[in-house]
Each structure stands twice: as structure tokens, then as C-alpha cells.
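Colleague: Give the three-dimensional model of this entry:
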Amino acid sequence: MEFGHIRRMRDMRFPHEIAVIMPGEFFVSRAPMVVYTVLGSCISVCIRDTVTKIGGMNHFMLASPSGNVENDHWGPSARYGSYAMEVLVNELLGQGGHKSRFEVKVFGGGKIYEGRNDVGAKNAAWALEYLEREGMQPIKADVGDVCPRKVYYFTESGRVLLKKLDGIQRQQIVKEEQQYQQIVEKEVSAGDVTLF
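Modeller: Numbers count the residues shown, from 1 in each chain. As a prediction, the model looks like this:
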């Protein structure tokens, strides 16, 4: 996969090009890269093969589709953890990675919304259960809490730079997640019509 749709940028603080992923996206590279995302209640799983140095990250909003999946043409979408994990692992394997050498790290799942429904905790629990079921025990999991996170993942080394956000930044992330959710809901309600 070429990942031509992924925005890239340079930052003089980092030795490699940065791939910026949004909700519903993932990125894998054989070449050294930095994968960057901002997480609220969403989850990112970072995986690399410790021998070949192939590494990548996903960013998903929900564990799996709910309700009528037949009308949800986002079903095969990396916005769902059930699909995001499949495409990330398959791309790593397709580029020469081996599951027995995978190093896994998990981030996100913050409780950034008011109320009882803790989407972040559900996402984090799902991700950790999935990884355990698949025999991929994370060496690092920074999930939960009440704050969003900025994550920079170095695909070659597995190094992570993590910054927890608060205040105005938190409010902005809540707003962005809600806007993305509205876009998704419009797409789903459009039924079987796909615009391109």
C-alpha cells in the first residue's frame, strides 16, 4: 500500500518525515518514519517488527460497528478497531513482518466527554482484550485517564513521544471528535449511496 492519502510533513526536531494520521486511518512503513496523531477517546495501536524495523500505527474511534451493519458502509473502515487492527497487522505481514517479532504499544482511550458513557474506557478495554486474544501482549499501554494525548511513534525504533493535553486543547479535541462523528453519521444515514 502506498499511503498517498496520508498527509506528511517535516519538523526540524525529528530526523524523519512525519506521517499524520486521523481517525479511521493507519500507516505502515519499511523506511524510518514518525507517525503522529492526536487521541481523545480514540485508540492508537503501534506495532513494529523488531528485526525488519517495519512499523505502523492505526487510529480508531470505536471498537466495532453497532446497530444495522448492513446499512453502515463504513463497516469495512479503519475507524472501527475490529477492522483497524486487521488492516494494520495484515499490512505489516504483507511488507515482511512476522507476528512472533511484533512489539506492541497502545495509547488513548481518555474520558474526555462528560457523563456516564465512557467511550474511551470501552475502546481501551476492547483493544487490550483483542491483543491478548491474538497473543500480542503490549509492552506499553498508556490508556484511560481524563486527558487527550499527542503521540509521535518512531517506526524503526519503537520510540514514543507522548504528551498529555488539557484545558483548551482538550475542548478542541472534543469538538473535532464530535464533528467527525457527525460526518460519519451522515455517511451512514445516506444508506447504500456512496459519493466519490
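Colleague: quick one: low-confidence parts of this structure?
Modeller: Low-confidence segments of the chain, defined by pLDDT under 70, span residues 1, 66-77, 167-196.
Colleague: That one: strands as residue ranges?
Modeller: Applying DSSP state E to the chain gives strands spanning 7-9, 18-20, 25-29, 34-39, 43-49, 55-59, 102-108, 140-143, 149-154, 160-164.
Colleague: which of the ones you listed is buried the deepest?
Modeller: Mean neighbour count, computed with mean count of other CB atoms under 10 Å, is highest for strand 55-59 among these, reaching a mean of 29. Yep, even glycine has a C-beta here, placed from its N, CA and C like the rest.
Colleague: Show me what that one is packed against.
Modeller: Contacts defined by 3 or more CB pairs under 8 Å, 6 or more residues apart in numbering; DSSP states H and E place strand 55-59 against strand 25-29, strand 34-39, strand 43-49, helix 81-94, strand 149-154.
Colleague: Kindly recompute the last result at 7 Å.
Modeller: Using 3 or more CB pairs under 7 Å, 6 or more residues apart in numbering; DSSP states H and E, the elements in contact with strand 55-59 are strand 25-29, strand 34-39, strand 43-49, helix 81-94.
Colleague: Give me the neighbour count for the closest residue to Glu156 other than its chain neighbours.
Modeller: Once flanking residues are discounted, Glu156 sits nearest to Pro32: 3.9 Å by CB to CB, 6 or more residues apart in numbering. Pro32 has 14 neighbours, counted by other CB atoms under 10 Å.
Colleague: List the contacts of the residue nearest the centre of the chain.
Modeller: Centrality entry for the chain: nearest residue to the mean C-alpha point is His59, 1.5 Å, by CA atoms, centre = their mean. Neighbouring residues of His59 by CB atoms under 7 Å, 6 or more residues apart in numbering: 21-23, 25, 37, 42, 44.
Colleague: switch to 6 Å and redo it
Modeller: 21, 23, 25, 37, 42, 44 (CB atoms under 6 Å, 6 or more residues apart in numbering).
Colleague: Okay, it and Glu86: tell me how far apart.
Modeller: For His59, the distance to Glu86 equals 14 Å [CB to CB, to the nearest Å].
Colleague: How much space separates the residue nearest to the centre of the chain from Tyr80?
Modeller: Note on His59: its distance to Tyr80, by CB to CB, is 11 Å.
Colleague: do the same with Ala63
Modeller: Ala63 is 7 Å from Tyr80, where distance means CB to CB.
Colleague: Repeat that for Arg133.
Modeller: 16 Å.
Colleague: With neighbour numbers in mind, choose between those two.
Modeller: Comparing Arg133 with Tyr80 by neighbour count (other CB under 10 Å), the higher total belongs to Tyr80, at 23 against 8.
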